[in-house]
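Asker: attaching a predicted model along with its sequence, questions to come.
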Amino acid sequence: MKDEDCYQNNSVLLDRIGMLEKEVSSLKEEIESSKQMDRVSIVIFSGEWDKLFAAFTIANGALALGMDVHLFFTFWGATALKDGKNKKKGSSNKMMDLFMPRSADDLPLSKMNLGGLGKSSMKKLLKEKKIDDLPELIESARDLGAIFHCCDTTMDLFGYTCDDIIKGDETNWCGVASFLSLSLRSKITLFI
């Protein structure tokens, strides 16, 4: 093989290696930018006490592990954020308020509610076992840094205002697209 041929082969190889290095670098950047975060995103759709109890137990567990937690409250799940006070509403929203729980503590069980007897039995068991009740789990999640996202469509539909929702700096209103963009980079996304 002539020196010229060797030189051309080496030049071609060096060019090819340079292109491959650029491709690898580009792929590394792409992987890094799409990397999932230590985040749990939970869509809270249910307005039933036991399902919310499970959602906030999971949220507090994730927070204890050092994960970021984002909770998106929509439709019946938004009642968990109500502060329990009656507010003046328009006529259609007054009717809705008559049939809706006033706060997380007023939510029914999904099974065996028995007109509230099942839930009072459950609350008694929690007290005996020294397990936090739902309002305490909600407060604990808030204290540990969970971010609460209220679905703006639900808030508008049900006539909820900032005055209806339990207070906290980490509560915000957003649409489904904003929450989905958050959950795209979550390791875990749940629908409860």
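Answerer: Great, that's in hand.
Asker: Lys123 touches Asp132, doesn't it?
Answerer: No - using Cβ atoms under 8 Å, Lys123 is not in contact with Asp132; the gap is 11.1 Å. The C-beta positions use only the backbone N, C-alpha and C, and glycine is treated the same way.
Asker: list the buried residues for stretch 53-65?
Answerer: Residues of stretch 53-65 classed as buried by neighbour count (16 or more other Cβ atoms under 10 Å): Phe53, Ala54, Ala55, Phe56, Thr57, Ile58, Ala59, Asn60, Ala62, Leu63.
Asker: to clarify, my last question referred to stretch 128-143.
Answerer: Asp132, Leu134, Leu137, Ile138, Ser140, Ala141, Arg142.
Asker: name the helices or strands packed onto the longest strand belonging to the chain?
Answerer: If each strand of the chain is counted by residues according to DSSP state E, the longest one is strand 37-44. Under the contact definition 3 or more Cβ pairs under 8 Å, 6 or more residues apart in numbering; DSSP states H and E, strand 37-44 sits against helix 49-64, strand 68-73, helix 176-183, strand 186-191.
Asker: show me where this structure dips below the pLDDT cut-off.
Answerer: 1-9, 30-36, 84-99, 101-103, 166-170 (pLDDT under 70).
Asker: can you show me the helices along it?
Answerer: Using DSSP state H, the helices found in the chain span residues 3-33, 49-64, 91-99, 117-128, 134-144, 152-158, 176-183.
Asker: hey, which of those is tucked in deepest?
Answerer: Of all those, helix 49-64 has the most neighbours on average by mean count of other Cβ atoms under 10 Å, namely a mean of 20.
Asker: partner residues bridging the residue most central in space within the chain?
Answerer: Centroid-nearest residue in the chain, with Cα atoms, centre = their mean: Leu71, separated by 2.5 Å. Taking DSSP bridges, one obtains Ile42, Phe148 as the residues bridged to Leu71.
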